[in-house]
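# Provided below for reference: sequence and predicted model.
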Amino acid sequence: MPTSCQRAAARPAVGHAGPVSTPDRLVTDRERRARLARRHALHPDHRVRDTLAATRAMTVLHATEASSVHLAVQARTDQPVTEVERALYEERSVVKQLAMRRTLFAFPRDLLPAALGSAAARVAAEQRRLVARDVEQYGIAPDGQAWLEQACAAVLDHLGSTGPRTARQLREELPALAGTVTYALDRKYGGTLHIAPRVLTTLGAEGLIVRGRGDGHWRTSRPTWTLGAEWLGAPVTPASSREGYAELVRRWLRTFGPGTLEDVQWWLGSTKTAARTALADVDAVEVGLERGRTGWLLPDDLEEAPDVEPWAALLPSLDPTTMGWKERDFYLDPRRTAYLFDSNGNGGTTAWWDGQVVGAWVQDPEGVVRVVPAPGVDLGADARRALDATAGRLTTWLDGTVISNIYKSALMKGERLP
């Protein structure tokens, strides 16, 4: 008699012809948390050896905040800061690239073709449209597309002759980048801003330029821009859009599966059609989830995952584990979301106990890390002891460095919500 996994594997995947039946394989919340502990290299017994291995384990690492990559690696390895820097800027085995949801990630180098042909290409096309529109709307030039083409060409020519440059240096050295836009004066992110960084963002999304070594401390964001082909030793040939999305989803399922169609679409920042097609292209198999949801796994990844011993972890703002799914009920009590995510859905620092988010972490002026439980969370003695030990490990690793977070949650700021 076939096992439940064999019956599930024989069933048509999403997007294939034929009816989709109720899945026989149920992946419980507890099992999903056990998979997370191992695959995300967060359980102390399952940490990985280095920065590249940590990045591969997570498919990509969030890199929006300057310190995100370093802290994400710290949670999953025993490597010091210097080894993270080596992977990023000397070996260049991990490369920062704007891609899914217009978010900056650190990619394993071999995943760049897939990203550049799919998620990054989608972002780049949208950025070209928006920059050209604003160039015309704010009177920088009458033909926005022509202006953008000339500005991009000027940047590429200049970097080819001068070598790495910061955004400020490029703006000051290239008249072609002159111009400002004024918007959203009633918002924190609004004001009168130079158009030049948006040109660099567009070229970065296209992979023509990359963020190289920072011009400052590793916790600050002042990258130098370098020609992509020069940084990597050769141009990267993008995959086709369909092939790229399929490869991204294949790796996402290996890291985050099972996940729902909505999870996949949200993480990719794609259309639902593109997400469905990618799931079909990797022969994803339907499985049941708690709360009546349907998830998807790779066809060779259907065996039940054994449980793990309780574990503790402290993750940085926008960590890929925190931000890996749209539907987070299996590891995050919805009542805690407002304390741990800002109004735009950006996750702050998180404290984890046995596969669930139980709070945040902060530092004092001397750099000592302290765990802040979420309202309503009663940490038992075992959890408190393990989290305190993890906080001590992070304090030692930081060695007095105090992290400045852009995305601070209410819990990090000590705010009490109604």
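Sure, I can see it.
# on the three-state scheme, the residue nearest to residue 138 when sequence neighbours are not counted is what?
Excluding its sequence neighbours, the residue lying closest to residue 138 (CB to CB, 6 or more residues apart in numbering) is residue 181, at 4.6 Å. C-beta here means a position set from N, CA and C on the backbone, and glycine is covered the same way. The three-state label given to residue 181 by DSSP: H, G, I helix; E, B strand; the rest coil is strand.
# just to check, residue 181 is in contact with residue 136?
No. Counting by CB atoms under 8 Å, residue 181 stays clear of residue 136, with 10.8 Å between them.
# can you pull out the helices in the stretch 301-418 of the chain?
337-340, 381-398 (DSSP state H, counting those that start in this stretch).
# on contacts alone, who are the packing partners of the shortest one?
Applying 3 or more CB pairs under 8 Å, 6 or more residues apart in numbering; DSSP states H and E, we find helix 337-340 packed against strand 356-363.
# deepest of the helices of the stretch 301-418 of the chain, which one?
Mean neighbour count (mean count of other CB atoms under 10 Å) peaks for helix 337-340 among the helices of the stretch 301-418 of the chain, with a mean of 20.
# what's the neighbour count on the residue nearest to residue 138?
17 (other CB atoms under 10 Å).
# make residue 1 into 26 and carry on from there
Sure thing, new numbering starts at 26, so read that last one as residue 206.
# now for residue 427, how many residues are close by?
Neighbours of residue 427 (other CB under 10 Å): 12.
# and it, what is it in contact with?
388, 390, 392 (CB atoms under 8 Å, 6 or more residues apart in numbering).
# quick check: the second one vs residue 195, distance?
The spacing between residue 390 and residue 195, counted by CB to CB, to the nearest Å, is 35 Å.
# cool, and residue 396?
42 Å.
# kindly report the same for residue 397.
Counting by CB to CB, the gap from residue 397 to residue 195 is 40 Å.
# quick one, which of the two is more surrounded?
Comparing residue 397 with residue 195 by neighbour count (other CB under 10 Å), the higher total belongs to residue 195, at 23 against 17.
# go through the helix or strand that contains the more buried one and flag the buried ones.
Assigned by DSSP states H and E, residue 195 belongs to helix 192-198. By neighbour count on 16 or more other CB atoms under 10 Å, the buried set for helix 192-198 is 192, 195, 196.
# what's the domain layout of this protein?
Domain assignment for the chain by automatic domain parsing gives 26-143+264-438, 147-257.
# got these as CSV, with mean pLDDT columns?
Formatted as CSV, the domains of the chain follow (pLDDT from 0 to 100):
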stretch, mean pLDDT
domain 26-143+264-438, 92
domain 147-257, 93
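# single out the most deeply packed of the ones you listed.
For the domains of the chain, the largest average neighbour count (mean count of other CB under 10 Å) is found in domain 26-143+264-438, namely a mean of 19.
# kindly provide the distance from the residue positioned nearest the centre of the chain to residue 347.
Ranked by distance to the mean C-alpha position of the chain (CA atoms, centre = their mean), the top residue is residue 87 at 3.2 Å. For residue 87, the distance to residue 347 equals 9 Å [CB to CB].
# which residues touch the nearest residue in space to residue 266 that is not next to it in sequence?
Leaving aside its sequence neighbours, residue 266 sits nearest to residue 143 (CB to CB, 6+ apart; 5.1 Å). Residues in contact with residue 143 (CB under 8 Å, 6+ apart) are 264, 266, 267, 268, 269, 270, 273, 293, 295, 299.
# which one among those residues gets closest to residue 243?
Checking the contacts of residue 143 against residue 243 by CB to CB gives residue 273 as the nearest, at 27.3 Å.
# ok, back up a step: ok, so of the contacts of residue 143, who is nearest residue 383?
residue 293 (29.0 Å).
# that closest one is in contact with residue 299, isn't it?
Yes. Taking contacts as CB under 8 Å, residue 293 lies within contact range of residue 299: 6.8 Å.
# what touches both of the two?
143, 270.
# quick revisit: outside of the helix holding residue 195 itself, list whatever touches it.
Helix 192-198 has contacts (CB under 8 Å, 6+ apart) with 180, 183-184, 187, 190, 202-203, 219, 221-222, 225, 248, 250.
# just give me the closest of the residues you listed to residue 363.
Closest approach between the contacts of helix 192-198 and residue 363, by CB to CB: residue 222, at 31.2 Å.
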